[in-house]
Every structure is written in C-alpha cells, then in structure tokens.
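**Q** Need coordinates for the following:
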Amino acid sequence: MTPSRPGAPSRLPAREEVSAGGIVFRRDGERTFVLLIRDSYRNWGFPKGHIEAGEDPEQAALREVGEETGLGALAIRAAVETIDWEFRFRGARIHKTCHFFLIETEHRRTAPQHAEGITACRWATFDQAEQMLAYDNARAVLRQARALVMDLLTPSAPPASIESPAT
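**A** The predicted structure follows:
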C-alpha cells in the first residue's frame, strides 16, 4: 500500500446522500414569484433536505419545504430535475443527489427555520432569482422550472377542427 502524499486526491469513496426539495412558486395576479432561501453561508438556493426512511422523494420535498419555510398548502405540480454534485464536509467527500419538484402554494408568508441554518426566505421573480442563486446547477434547475410554470400557465390551444369537404 502506497501512503498518500499531502495534497493528493483522496481515494476514499464518497459518502452518498440523497435529498429532495422544491422550486416553490406562487401567482400574484399576472406575476409569478419563486421562493429562495438563504443559508448560514449567505448563499441563496432552494429549500431541500434528506429523504427519511420510508419517504419517497415527493413526500420528502413537501416535508422539507414546509419545515424550512413555514409554508403550507403545498402542491407538487411536476418533477423538475434530479441533479448531483460532490463536495467536502469536515474532511469527508460527499456525493449528493437531489430530486427537485415544482411546488405551488397560495401562501406568501414564510418563517425561515433558523435552527437549520435558514437565515431568510425571499420571493423573487424568475429573473431576480437567477441573479441571486449561488450555484450554476441551481440556475439550470430554475430555468427548467420556469419552462414548466410557463407550460402550466399557458392555456392549450383547442384541437384543430377537421371539416369534411363540401359535396
């Protein structure tokens, strides 16, 4: 066995973590807002957290969004994206997978979960949110969520009528 040298990449496998979260949106007249949370490092992102034993990703997303933001009346409208990334935490490599869902609410009042490091919640337009988000992968998820919201809000065209030729 060759000892590793200082600064060499770790050969230890990454610990696997699976989370679920939501891109929460609400309508205010003709305007649509999405909810961002700010963590203890002052980074803006989306509410998310670990999937607990016996939960599916959708249940975990609804639970975590409610816990972290204080919002109620949450409804999943669509799956958005599953993303993954690696990071280091307290010297350990973590490989994180997160399932994101498009979640609608009519409520606007939030209550950030300070005990979990959520320092603020903020409603923003899609354009504002894209500027505020701390990470590129979150911006990509936001763009996909925006397209899904636009599809939900755009009335579908009536089916084309087929007329038989005059005889």
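
**Q** low pLDDT regions in this structure?
**A** Where the chain drops to pLDDT under 70, the residues are 1-11, 156-167.

**Q** So which residues of it form helices?
**A** Per DSSP state H, the chain carries helices over the ranges 57-69, 126-132, 136-153.

**Q** Turn the ones you listed into CSV, columns for distance to D84 and mean neighbour count.
**A** Placement of C-beta: from N, CA and C, glycine included. Listed next are the helices of the chain as CSV, based on distance: least, C-beta to C-beta, whole Å; neighbours: other C-beta atoms under 10 Å:
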stretch, distance to D84, mean neighbour count
helix 57-69, 13, 21
helix 126-132, 21, 15
helix 136-153, 9, 16
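
**Q** Which among these is found nearest to W44?
**A** W44 lies closest, by C-beta to C-beta, to one member of the helices of the chain: helix 126-132, at 4.4 Å.

**Q** CA atoms only for the closest one, dumped as CSV, please.
**A** The C-alpha trace of helix 126-132 is given here as CSV (Å, rounded to 0.1, in the frame of the first residue of the first chain):
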residue,chain,number,x,y,z
PHE,A,126,-37.5,34.3,-12.1
ASP,A,127,-35.1,36.9,-13.4
GLN,A,128,-34.2,38.1,-9.9
ALA,A,129,-33.8,34.5,-8.7
GLU,A,130,-31.4,33.6,-11.5
GLN,A,131,-29.2,36.5,-10.4
MET,A,132,-29.4,35.7,-6.7
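
**Q** Determine the set of other helices and strands touching it.
**A** strand 31-38, helix 136-153 (3 or more C-beta pairs under 8 Å, 6 or more residues apart in numbering; DSSP states H and E).

**Q** what inclination does the shortest one have with respect to helix 136-153?
**A** This means strand 31-38. For strand 31-38 against helix 136-153, the angle by axes from the mean of the first three to the mean of the last three C-alpha atoms, to 10 degrees is 150 degrees.

**Q** got the helices and strands packed on helix 126-132 as CSV, with distance to A53 columns?
**A** Putting these into CSV (distance: least, C-beta to C-beta, whole Å) gives the following:
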stretch, distance to A53
strand 31-38, 25
helix 136-153, 26
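
**Q** how about these, which one is nearest V18?
**A** Closest to V18 of the helices and strands packed on helix 126-132 is helix 136-153 (C-beta to C-beta; 15.7 Å).

**Q** Now do that closest one: which elements does it pack against?
**A** Judged by 3+ C-beta pairs under 8 Å, 6+ apart, the packing partners of helix 136-153 are strand 15-28, strand 31-38, strand 75-89, strand 92-104, helix 126-132.

**Q** Right, I'll leave it there.
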